[in-house]
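In: Got a predicted model here, sequence first, then my questions.
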Amino acid sequence: MFGKLIRQSLKTDVFSVAQIRLTDLIQEQRKAAEVWRASSSGKMTFGDARKIYEANLANNQRLKPAAKVYRNTTIKDLCKTWPGLDATDIRKITQRDCLEWAALFGQKYSPSLYNNTVGTLRHILEIGIQAGARYGNPAHTIPKVKVRQKVLKLPEQKQFLEMVRSIRAAGSGFSKSCGDLTEFLAYSGCRKGEAARVHGRDCDFTKGEIVINGDPVTGTKNWEIRRIPMITDMRRLLERIRSGREEEEWMNATVMGVRECQKAIDTACKKLGLARITHHDLRHLFATRCIESGVDIPTVSRWLGHKDGGALAMKTYGHLRDQHSAAMAQKVTFADSPSSQS
């Protein structure tokens with residue numbers, strides 16, 4: 001910490017803004033240095049270590065903003081569910097303390113949030129070890145829990161179309177826009193944050209593709225630009241939306257009129273007696289329809305914006321590929337048809 005050269009982007013081209021941000025950064029580093037000085041004499045509370053962790057988190061250029069927000073959420077949940085933790089001498093936190101907290105936390109929170117919050121606890125305690133305030137990490141004894149894969153209950157083609165019609169006919173001032181977003185998500189496989197940033201200029205009807213722009217500000221996954229195919233249903237949807245706008249408005253405004261439509265989806269599903277689905281389930285619906293139509297999983301994975309070569313898609317949708325393969329195999333035969341043998 002002392003005499004260490006710190007390089008960090010201030011994320012602005014405006015000199016006056018840079019000066020303000022630089023001042024804030026210097027203050028944060030000085031506070032962190034004061035905590036390290038205190039810990040060098042053996043005095044460090046969990047709250048001291050937490051502040052260093054939060055400063056390191058803010059300065060981590062490899063993490064996306066959304067990941068930082070999520071990690072900060074785990075910090076808040078940890079402190080909220082462990083009374084007096086911040087004021088506790090980090091040397092006095094025992095394995096039993098950690099296990100007792102984890103047992104209670106695991107009863108109220110989801111497995112994924114539980115595992116990530118346990119990870120945050122370990123990271124913060126590790127700072128105490130690095131500072132020489134304690135020896136050994138008591139949180140390493142906390143077992144992680146298995147995250148069960150969600151069972152997808154997606155609507156059939158006819159049910160989906162009925163759901164869209166129900167959303168559009170709901171009578172709200174945003175019903176039409178909610179219907180548009182529901183269809184857009186299902187026909188593109190986009191995340192809702194990505195769909196909200198698509199402009200008319202991103203829709204190339206000649207090439208039959210839509211450009212999806214990454215956004216380092218909101219932290220949408222992968223940040224990179226990718227292109228997805230404009231399937232027939234999508235083309236029909238976009239042409240209908242474009243027909244109701246002036247050309248300049250179409251090119252420069254966002255295509256979607258709303259950023260989310262979960263309440264509208266919930267209402268339609270309840271009305272039609274369908275299992276509740278989320279915005280993200282519409283992304284699954286897109287992938288499912290693609291695979292059932294014969295599109296290979298690596299291609300679907302690329303359209304979804306995955307960067308793992310199809311590993312996640314294979315894990316999530318592999319059973320659909322196997323079912324499709326089995327169905328196609330029934331069409332392969334070397335024998336004569338029954339009629340030709342008679």
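Out: Received the coordinates, thanks.

In: Could you use CA atoms for every contact and neighbour count after this?
Out: Will do.

In: show me where pLDDT drops low in the protein?
Out: Low-confidence segments of the chain (pLDDT under 70): 1-21, 24-42, 214-223, 310-313, 315-316, 318-328, 335-342.

In: and if we set it to 80?
Out: Flagging of the chain using pLDDT under 80 yields the residue ranges 1-43, 64, 66, 148-152, 214-224, 307-333, 335-342.

In: Pop the domain breakdown of it in here.
Out: Residue ranges for each domain of the chain read 15-141, 157-329, as given by automatic domain parsing.

In: To R148, which of the ones you listed lies closest?
Out: Among the domains of the chain, the nearest to R148 by CA to CA is domain 15-141 (8.2 Å).

In: Report the distance from the closest one to the chain centre.
Out: Chain-centre distance of domain 15-141: 23 Å, with CA atoms, centre = their mean, to the nearest Å.

In: Identify the residues contacting stretch 181-188?
Out: Under the contact criterion CA atoms under 8 Å, 6 or more residues apart in numbering, stretch 181-188 has outside partners 164, 190-192, 195, 228-231, 233-234, 237, 256-261, 265, 279, 282-283, 285-286.

In: Take the residues you listed and keep only those in helices.
Out: Residues of the contacts of stretch 181-188 located in helices (DSSP state H): V164, K192, A195, D233, M234, L237, I265, H279, L282, R283, L285, F286.

In: And the helices in the stretch 201-342 of the chain, which stretches?
Out: Under the criterion DSSP state H, counting those that start in this stretch, the stretch 201-342 of the chain contains helices at 232-243, 247-252, 262-272, 279-292, 297-304, 311-329, 338-341.

In: closest one to H123 among those?
Out: helix 311-329 (26.7 Å).

In: Report the buried members of the contacts of stretch 181-188.
Out: 164, 190-192, 195, 228-230, 234, 237, 256, 258, 260-261, 265, 279, 282-283, 285-286 (16 or more other CA atoms under 10 Å).

In: check contacts around A169.
Out: Applying CA under 8 Å, 6+ apart, the residues near A169 are S175, K176.

In: distance of it from M163?
Out: Distance, A169 to M163, using CA to CA, to the nearest Å: 10 Å.

In: what do you get for R289?
Out: From R289 to M163 the distance is 16 Å (CA to CA).

In: quick one, which of the two is more surrounded?
Out: M163 (25 against 16; other CA atoms under 10 Å).

In: Setting aside sequence neighbours, what's the nearest residue to that one?
Out: A268 (5.7 Å; CA to CA, 6 or more residues apart in numbering).

In: L274 versus the one you found, what's the distance?
Out: 8 Å.

In: quick one: common contacting residues for these two?
Out: With CA under 8 Å, 6+ apart, A268 and L274 have no common neighbours.

In: between these two, who's got more neighbours?
Out: Comparing A268 with L274 by neighbour count (other CA under 10 Å), the higher total belongs to A268, at 22 against 16.

In: Quick check, the more buried one in contact with S166.
Out: Yes - counting by CA atoms under 8 Å, A268 does reach S166; the two are 5.7 Å apart.

In: Strands of the stretch 101-250 of the chain, start to end?
Out: 203-204, 209-212, 226-229 (DSSP state E, counting those that start in this stretch).

In: which other residues reach the first one?
Out: Contacting residues not belonging to strand 203-204 are listed as E209, I210, V211 [CA under 8 Å, 6+ apart].

In: G173: how many residues sit nearby?
Out: Neighbour number of G173 under other CA under 10 Å is 9.
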